[in-house]
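Student: Structural data only, the sequence is not supplied:
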C-alpha cells in the first residue's frame, strides 16, 4: 500500500464494528421465507450479499426473492422501491429487525407480522473499546447503508458514541447514493477535510465504494472478495488495526 500517511479512518458498521449475522442477515432470511413461503438458508443470504449493488439489506432481500422467482437477483429499480410489494417486504423486514412495537412507533405503519424479540438485540460488538482508544489520535467516522435511526441505535448500544459523533456518521439517507457508490465516503472526507483517509469494511460494496472514492480499503470480512478493486489490505481481525497502522508508519519513517 502506498497511501500510508493516514489522517482519518472511516468505518462501515455491519460486519466491521458490529456482528450482524444474527440480526440483519437473519432478517433477510426470515423475510424472504415469509414472502416466498419456502425455506431460505443462511448460505442463500451470504451469496446474495456478495453481489455488487446489494449492500442495502432491503435490496438484498428483494433480490433474493426475485432470484427464487426468476433466477435473476436484480437490484430493485426506483419504481420497484415504491411498489406495494417492496413496501410490504420492507415492513416485514423491519418488524423482524426492530420488533413489531418499535417499528410501529418509528414508522407509524400498520405492522404486518408480530415479532416480540427484535433481532437487533442479538448484535454483538466486533471492534473493542481498547482498540478504538488506540485510534483516537485519528479523526474517526462512519459510512453505512443503515437507516440513520438504526445506525445511531447500534452506535449507542455498544458504547461507540464516545468515539463517533453523530455529525460524523453518514447513513442511508444522508448521501445521494448508497454504496457501492462513493457519495457517502466523499461527503464525510469533505467534512473531515481529510487528505489521506482509509475505509474499513467487510464487503465487495465497501471495497467498490472506497476504490471509487480513491482511498485505500482495509478488508476485515469473513468471506474473501470475488474481485479486488483499488488498493486493498486484508486484515483478519479488525482489532489489530492500531498495530497495522503503527507498522505502516514505522516501516516508512
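Tutor: Looks like it came in fine. In this text the structure is predicted, and so the values were computed from the model without any measurement.
Student: tally of neighbours for residue 242?
Tutor: 18 (other CB atoms under 10 Å). (C-beta placed from N, C-alpha, C; glycine too.)
Student: Isn't it up against residue 128?
Tutor: No. Here residue 242 lies out of contact with residue 128, judged by CB atoms under 8 Å, at a distance of 10.2 Å.
Student: Could you list the low-confidence segments of the stretch 151-253 of the chain?
Tutor: 248-253 (pLDDT under 70).
Student: how about 50 then?
Tutor: 250-253 (pLDDT under 50).
Student: just so I have it, where are all the helices in it?
Tutor: All helices of the stretch 151-253 of the chain, identified by DSSP state H, counting those that start in this stretch, fall at 183-192, 204-213, 241-251.
Student: out of these, which comes closest to residue 86?
Tutor: helix 204-213 (19.6 Å; CB to CB).
Student: list the helices and strands that closest one packs on?
Tutor: helix 183-192, strand 197-201, strand 217-219 (3 or more CB pairs under 8 Å, 6 or more residues apart in numbering; DSSP states H and E).
Student: Apply 6 Å and report the result again.
Tutor: In terms of contacts (3 or more CB pairs under 6 Å, 6 or more residues apart in numbering; DSSP states H and E), helix 204-213 is packed against helix 183-192.
Student: thinking in terms of the whole chain, how far from its middle is the helix it packs on?
Tutor: Its chain's C-alpha centre and that of helix 183-192 lie 16 Å apart, by CA atoms, centre = their mean, to the nearest Å.
Student: which helices and strands does that helix pack with?
Tutor: The elements that helix 183-192 packs onto, with contact taken as 3+ CB pairs under 6 Å, 6+ apart, are strand 140-143, strand 169-170, helix 204-213.
Student: The same query, at a cut-off of 10 Å, please.
Tutor: strand 8-11, strand 140-143, strand 169-170, strand 197-201, helix 204-213 (3 or more CB pairs under 10 Å, 6 or more residues apart in numbering; DSSP states H and E).
Student: out of those, nearest to residue 42?
Tutor: Across the helices and strands packed on helix 183-192, residue 42 has its closest neighbour in helix 204-213 (18.3 Å, CB to CB).
Student: Which positions within the closest one qualify as buried?
Tutor: In terms of neighbour count (16 or more other CB atoms under 10 Å), helix 204-213 has its buried residues at 204, 205, 206, 207, 208, 209, 210, 211, 212, 213.
Student: Any chance of those residues in CSV with distance to residue 150 as columns?
Tutor: Output for the buried residues of helix 204-213, formatted as CSV (distance: CB to CB, whole Å):
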residue, distance to residue 150
204, 22
205, 17
206, 18
207, 23
208, 22
209, 19
210, 22
211, 26
212, 24
213, 23
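Student: hang on, the earlier thing: mind listing the shared neighbours of residue 242 and residue 128?
Tutor: Listed contacts common to residue 242 and residue 128 are residue 134; contacts here mean CB atoms under 10 Å, 6 or more residues apart in numbering.
Student: Next, count neighbours for residue 136.
Tutor: 11.
Student: Just list whatever residues bridge to the spatially most central residue of the chain.
Tutor: With distances taken as CA atoms, centre = their mean, the residue of the chain nearest its centroid is residue 14 (4.3 Å). Applying DSSP bridges to residue 14 yields these beta-bridge partners: residue 18.
Student: So what's the residue count around the closest residue to residue 54 other than its chain neighbours?
Tutor: Residue nearest to residue 54 in three dimensions, not counting chain neighbours: residue 60, with 4.3 Å by CB to CB, 6 or more residues apart in numbering. Per other CB under 10 Å, the neighbour tally for residue 60 reads 25.
Student: wait, residue 60 sits on residue 52?
Tutor: No. Applying CB atoms under 10 Å, one finds residue 60 not in contact with residue 52, separated by 11.5 Å.
Student: Fine by me, thanks again.
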